[in-house]
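> fold the stuff below for me.
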Amino acid sequence: MSDRKPLISGNWKMNLNHFEALKLVQELSYQVSVDDVEEVDVSLHPPFTDIRTVQTVLEADRLPFHLGAQHCHHEDSGAFTGEVSPAMLAKLNISYVLAGHSERREIFGESDALINLKVKAILKYEMTPILCCGETLEERDAGQAEAKVSGQIVAGLDGLTSEQVTNMVVAYEPIWAIGTGITASAEDAQGMCAVVRSTIAETFGADAAAGIRIQYGGSVKPNNAKELMSQPDIDGALVGGACLEADSFARIIQYRLAE
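Reported below is the predicted structural model:
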């Protein structure tokens, strides 16, 4: 096991209004103890309309969770209707911002070059990017998974320093396992996360590869979290559907207690 502190992130996607968000965070606070979060970092990534509500309850009740965002624009301000800038997020005490989630890539057509701009913008405002990468089932079946993921990593981190990369997070999320109920085996997940780490080592050096945290995302559930998290190159989880219920997300956070 490495000494990298695991990061468990809950990506709410386009779910929960601000009343529901408040209820979920309060329920989660009842089930997750301070001892639980001494062992792991936890970040919550609500929709933009919920962020201020979640920020308020986290700070007022001194809850041990980091606040995250799902997306941002790369410019500080401007005529970009419907977008939210990293400068705005930083003022809300956001700690982590997703960049390049597969749904942003596949549905909204975000390119590697655009995602690279977002990563740099997030870092500019002293927040931590979670750079997402992953392959489709067709790419995997064609033997292109490693090349696809490595290419996304190199392009997404282009122009960064080794020190910046060391303190980042990468989330490997096989597209074919997101929301499908299909989970990569622990061995498959470990194999691809090892590819991510070796790509970091080749591009930014051994120290960056040793320091960066790599999450697995793709139908992470309470019953598979412990096995996934026991892999040497998996330093956390990017959780989708299972983070929308306090009980299931709490059990993922407490994966060490699983039988």
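> which residues in the stretch 101-250 of the chain form strands?
128-133, 169-172, 213-217, 236-239 (DSSP state E, counting those that start in this stretch).
> any idea how far the third one is from the middle of the chain?
Relative to the mean C-alpha coordinate of its chain, strand 213-217 is positioned 7 Å out (Cα atoms, centre = their mean, to the nearest Å).
> can you check the first one too?
Taking Cα atoms, centre = their mean, one finds the center of strand 128-133 at 6 Å from the center of the full chain.
> who touches stretch 241-258?
Residues from elsewhere that reach stretch 241-258 (Cβ atoms under 8 Å, 6 or more residues apart in numbering): 8, 10-12, 15-16, 24, 27-28, 30-32, 36-37, 39-40, 42, 44, 179, 219-223, 225-226, 229, 237, 239. Heads up, the C-betas are built off the backbone N, CA and C, glycines and all.
> for Lys23, give me phi and psi.
phi -60, psi -40 (degrees, to the nearest 10).
> which residues are in contact with it?
Contacts of Lys23 (Cβ under 8 Å, 6+ apart): none.
> how close does it sit to Val196?
35 Å (Cβ to Cβ, to the nearest Å).
> do the same with Gly78
For Gly78, the distance to Val196 - Cβ to Cβ - is 33 Å.
> who has more neighbours out of the two?
With neighbours defined as other Cβ atoms under 10 Å, Gly78 and Val196 compare such that Val196 has more, 25 against 9.
> that older thread, I'd like the strands of the stretch 101-250 of the chain as a markdown table, with distance to Lys148 and mean neighbour count appended.
A markdown table is the format used below for these (distance: least, Cβ to Cβ, whole Å; neighbours: other Cβ atoms under 10 Å):
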| stretch | distance to Lys148 | mean neighbour count |
| --- | --- | --- |
| strand 128-133 | 8 | 26 |
| strand 169-172 | 11 | 27 |
| strand 213-217 | 16 | 27 |
| strand 236-239 | 18 | 27 |
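> need those in a markdown table with distance to Phe65 and mean pLDDT, can you?
Below are the strands of the stretch 101-250 of the chain laid out as a markdown table (distance: least, Cβ to Cβ, whole Å; pLDDT from 0 to 100):
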| stretch | distance to Phe65 | mean pLDDT |
| --- | --- | --- |
| strand 128-133 | 14 | 98 |
| strand 169-172 | 16 | 98 |
| strand 213-217 | 16 | 97 |
| strand 236-239 | 13 | 98 |
